[in-house]
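Participant: here are the coordinates; sequence isn't available:
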Ligand SMILES: Nc1ncnc2c1ncn2[C@@H]1O[C@H](COP(=O)(O)OP(=O)(O)OP(=O)(O)O)[C@@H](O)[C@H]1O
């Protein structure tokens, strides 16, 4: 059972709960014995256990009242002590089991979070963000609650049921058949419930996924929904998902709700049967009234024990579904992995001379079964003496999925330290994919991406990414302040980012003026996702965040197109002073943005259509010429060419 495995790390708590429950069961099973003594001895025999002695005392005319009171107070005292003990133990068991359940929940949440953070886009898409959220919240809460209940009930139910049977056999075995019939009825009711509710319990988690998915999509795309007047349609879609969930929950809740009255009926009928058949024994003198009362109590204890076991058998499969869903995530290895081996081998070095286009002289150690490669970690983690990083694509082919067309085919180029490499191409040509491969959000399907001659798969991801200042195409900010967002990644060397650096970065990104105009300046609040700043402002803050890192290479993924032409020109004019010495890889739509780049790579349908300076490409690359002419006139282009040229 999946859920039981989660108790592995809490054996101490389980053992403690077991001991406490054993004592508690002892207390509870003792109370009916005391009840029968009060009835049979305390009341019927005036507190004198020996019948002959009682007769003697009566014959001698002794006042029996003080004896009776003393007996009742003594046994009543015991009963109170057992009841109080049972209550205290119940509190202790509740405390330990809730604590253990909460710890299991916390550990699962943190393991899930760590695993999901390590996932590449491929795994996130495989599960869907909505399902991952349901698994990390709803499924974990379910397991937490079931774990707590299991601890309280799974051990207690059999103890109670077995203890009850022993006491019943000791009290009056002849009436045992009534208990057997009652237990059979209880299990039959549970079996029927099990048969009808279990399949619905199993699909419930999927339906919750679906509701989350629709709600998430609708909330994210709310402006579009409103703009296209599709509120009614979206409400219908949400209602559909919600209705299915409601119907399923109603069915299971009704079934579970029907169980309690059914069980009460069984219990009451059992009591009636015991009194009916037991009274004959009392009348015949073969059974005492107290024993009959105790018998009824033990029968109830047994039925309760069986009921608890039945409830557990219904709850467990549902929790198991949740456990499976969580285990599925935990068992999924991220497709992008850190290298396993730390042995530095010369063969891991890709030719630093940039002999792309042909097989590298020093071939990479092939990935092992899990897709990992051996790593020259010493090389990877040691900061390169050079300020700028040399990024080389060597015959890279990449597919997002095994079945799909390649997003990149045989792409080769090199970005040199201290230089600006621009990537242009029509939409969907693979520009963003190039940047994602440099950051190693995905691994190449064939070929290699290397930084300073080391394959990116051969260095720890954190070390690799510490070398870059990345600006994504879709600007994203975190809830906090302007300053906390700019200092988000810290410096490339792990150092804190000073206020001077923050201001400097904001100034280069043309964001300082608007930030200072906001109330609170650097401390002004930013809401989740950066919703309280404009698209262009958000993009400028993202640029400043990358600049503040002062990394070895900047990766600007089409981030200038969100800026107006004047701001774009201003940022580009200020950039070289800040990025001097670092490598700049710049994805752009606008030709004016890339004119002054040292080298431009033209991508077309995932292939390299040309590499060179603006001037070279205007002469040699028809695809580039076409893009350039679609944006600027011949005169503008030749003027810009003379002005910009190669830096
Ligand atoms: N996560 C993904 N899963 C599957 N295919 C994808 C994914 N992301 C991109 N693609 C596909 O890969 C190809 C290249 O996409 P990419 O985003 O790199 O293009 P781009 O040149 O950056 O486009 P744009 O200029 O519009 O941003 C496209 O055909 C796109 O449909």
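Facilitator: Received it, and whenever you're ready, just let me know what you need. Computed from a prediction, not measured in an experiment: that's the story for all the values here.

Participant: Skip the chain neighbours and tell me the closest residue to residue 178.
Facilitator: Take residue 178 and drop its neighbours on the chain: the residue closest to it by CB to CB, 6 or more residues apart in numbering is residue 273, 4.8 Å away. To be clear about C-beta, it is placed using only N, CA and C from the backbone, and glycine gets the same treatment.

Participant: show me what contacts that neighbour?
Facilitator: 178, 181, 182 (CB atoms under 8 Å, 6 or more residues apart in numbering).

Participant: what do you get if the cut-off is 10 Å, keeping everything else the same?
Facilitator: Applying CB atoms under 10 Å, 6 or more residues apart in numbering to residue 273 gives the contacts 175, 177, 178, 179, 181, 182, 296, 299.

Participant: gap between the first one and the ligand?
Facilitator: By that I understand residue 175. 70 Å (CB to the nearest ligand atom, to the nearest Å).

Participant: Quick one: classify that residue as helix, strand or coil.
Facilitator: helix (DSSP: H, G, I helix; E, B strand; the rest coil).

Participant: hang on, isn't it packed against residue 278?
Facilitator: Yes - in this structure, residue 175 is within contact of residue 278 by CB atoms under 10 Å, at 5.9 Å.

Participant: tell me, what's touching the two both at once?
Facilitator: With CB under 10 Å, 6+ apart as the test, residue 175 and residue 278 both reach 287, 291, 292, 295, 296.

Participant: which residues does the second one contact?
Facilitator: Spelled out, that is residue 291. Counting by CB under 10 Å, 6+ apart, residue 291 touches 32, 33, 36, 39, 40, 170, 171, 172, 175, 278, 281, 282.

Participant: Now with 8 Å, please.
Facilitator: 36, 40, 171, 172.

Participant: do the same with the fourth one
Facilitator: Contact partners of residue 295, counting by CB under 8 Å, 6+ apart, are 168, 171, 172, 175, 274, 278.

Participant: List the contacts of the fourth one.
Facilitator: Going by CB under 8 Å, 6+ apart, residue 175 touches 168, 274, 277, 278, 281, 295.

Participant: so which of these is the most crowded?
Facilitator: Sorting these by how many neighbours each has (other CB atoms under 10 Å) puts residue 295 first, at 26 neighbours.

Participant: so what's the closest residue to the ligand within the stretch 1-150 of the chain closest to, chain neighbours aside?
Facilitator: Of all residues in the stretch 1-150 of the chain, residue 121 sits closest to the ligand, at 5.3 Å by CB to the nearest ligand atom. Leaving aside its sequence neighbours, residue 121 sits nearest to residue 441 (CB to CB, 6+ apart; 6.2 Å).

Participant: Per-residue confidence, that neighbour, what does it come out as?
Facilitator: The score at residue 441 is 90. That number is its pLDDT.

Participant: how close does it sit to the ligand?
Facilitator: For residue 441, the distance to the ligand equals 9 Å [CB to the nearest ligand atom].

Participant: Was I right to think that residue contacts residue 120?
Facilitator: Yes - shown here, residue 441 and residue 120 form a contact pair, counting by CB atoms under 8 Å, at 5.8 Å.

Participant: Give the intersection of the neighbour lists for those two.
Facilitator: By CB under 8 Å, 6+ apart, the residues touching both residue 441 and residue 120 are residue 336.

Participant: one step back: could you work out the most separated pair of the contacts of residue 295?
Facilitator: 168 and 278 (11.8 Å; CB to CB).

Participant: How about the residues of this structure by the ligand?
Facilitator: On the criterion CB under 6 Å from any ligand atom, the ligand has as its neighbours in the chain the residues 121, 400, 407, 425, 427-433, 473, 558.

Participant: Looking at the contacts of residue 295, which is nearest residue 605?
Facilitator: Nearest to residue 605 among the contacts of residue 295, with distances taken as CB to CB, is residue 168, at 81.0 Å.

Participant: Let me see the contact set for the closest one.
Facilitator: Applying CB under 8 Å, 6+ apart, the residues near residue 168 are 175, 176, 179, 295, 298, 299, 302.

Participant: Would you mind measuring from the fourth one to residue 158?
Facilitator: For residue 295, the distance to residue 158 equals 21 Å [CB to CB, to the nearest Å].

Participant: Just give me the closest of the shared contacts of residue 175 and residue 278 to residue 331.
Facilitator: Checking the shared contacts of residue 175 and residue 278 against residue 331 by CB to CB gives residue 296 as the nearest, at 50.7 Å.

Participant: Now the phi/psi pair for that closest one, please.
Facilitator: Reported as degrees, to the nearest 10, the phi and psi values for residue 296 are phi -60, psi -50.

Participant: Let me see the contact set for it.
Facilitator: Counted by CB under 8 Å, 6+ apart, residue 296 has contacts 270, 271, 274, 275.

Participant: centre of the chain versus the strand or helix carrying residue 316, how much separation?
Facilitator: Assigned by DSSP states H and E, residue 316 falls within helix 289-331. Here the centre of helix 289-331 is set off from its chain's centre by 29 Å, with CA atoms, centre = their mean, to the nearest Å.
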